[in-house]
Structure formats: C-alpha cells, structure tokens
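Participant: mind folding the following:
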Amino acid sequence: MENASKALLMAAGVLIGLLVISLAVYLFTSFASTSADVHKQNEQQQIEQFNSQFTSYVGKEGITIYDVVTVANLATENNRYYGYYKRTAAQNPDNATDSYISVKLENSTIEKGKEIKTNDNELIKNELEKINRSELPQYNCQVYISSITGRVCLVEFKNKQL
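Facilitator: Okay, here's the model as predicted:
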C-alpha cells in the first residue's frame, strides 16, 4: 500500500506540473497576440497621423500657393528621409508600394491644363512672381492613398477657376 500511495502522489505531481505548464503556454500565446495587436494599432495610428498632414487640405477653403509649397516641402522631406529621388514603384496611386509622395499642381497661369510636379520648388517660386499677391488663386486638393501601404502617395492641387 505504501508504494501505491507514493505512485498516486507522483501522478498527482505530474498532473499539476502539466497543468501549470499548460497555463504558462496559454498565457504566453495570449500575451503575444495581444502585444502584436497593440503594435499593429500603434503602427496604424502612426500612418493615420502622418496622412493627416496631407488629408487636412482636402475640402479646405482658401488653399493658396503657400499651402501648396508647404505640402511640397513635407513631401520632399519624406522622400529624402526614405532616400527616394523619383518614384520607384507603379505610377498608379492604388498600386504604390513605396513611401514616395508626389505633389502635382495644375495651374492656369502657367499653361492651362498642364500638370506641374512641385518637387522642383523653382516652379513654385516662378509662379509666385507671376501672381498678383492681393489676388492669390485658390486651389482644390485631392489626396490619393495607396491601398497597399495605406500611406499618402499623391497629392494633387487644381486651380478652382479651371
């Protein structure tokens, strides 16, 4: 009988050990998935915060050439940060796979209907010289967000008079 009671105690100890190990594994996987969810939420929040620098101009009244210059500088700063000097991925905004941001300006005072890439700030300076500062033209803004990266990939400004 003594051996039987020792065997039962050993079996109970093994079962309790297995329960503790199982609980530890369950908690580890549960905490790992929670951590991954928190990381994904933080990443999404950072992308939304970054995009808001550009999307804040959509639907805004009174967008002037100065706002266009501000957005072009933000895009240039972003492109320099990532080491992009021209678009390396697809030209279609929905298929953009990199973090390059293009800014386009359509303005009737240069050539009606011609698109101008504002990565060259010299064009903006020339435009400002041509404009009567008391009557700055107003622009509409449209932002394209890549369906792949979720980041802004194209900001387009169009003259309201066109």
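
Participant: please give the element, helix or strand, for Ser35.
Facilitator: In this assignment (DSSP states H and E), Ser35 forms part of helix 2-55.

Participant: other SSEs contacting that helix?
Facilitator: Where contact means 3 or more C-beta pairs under 8 Å, 6 or more residues apart in numbering; DSSP states H and E, helix 2-55 is packed against helix 65-82, strand 139-145, strand 152-159. No exception for glycine: its C-beta is placed from N, CA and C like everyone else's.

Participant: these: which one's closest to Asn3?
Facilitator: Asn3 lies closest, by C-beta to C-beta, to one member of these: helix 65-82, at 71.9 Å.

Participant: quick check: buried residues in the closest one?
Facilitator: 65, 67-69, 71-72, 74-76, 78-79 (16 or more other C-beta atoms under 10 Å).

Participant: hmm, back to that, average pLDDT for the helix holding Ser35?
Facilitator: Averaged over helix 2-55, pLDDT sits at 89.

Participant: coming back round to it: so can I have TSV of the helices and strands packed on helix 2-55 showing mean pLDDT and distance to Ser35?
Facilitator: Shown next, in TSV, are the helices and strands packed on helix 2-55 (pLDDT from 0 to 100; distance: least, C-beta to C-beta, whole Å):
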stretch	mean pLDDT	distance to Ser35
helix 65-82	86	27
strand 139-145	90	27
strand 152-159	87	28
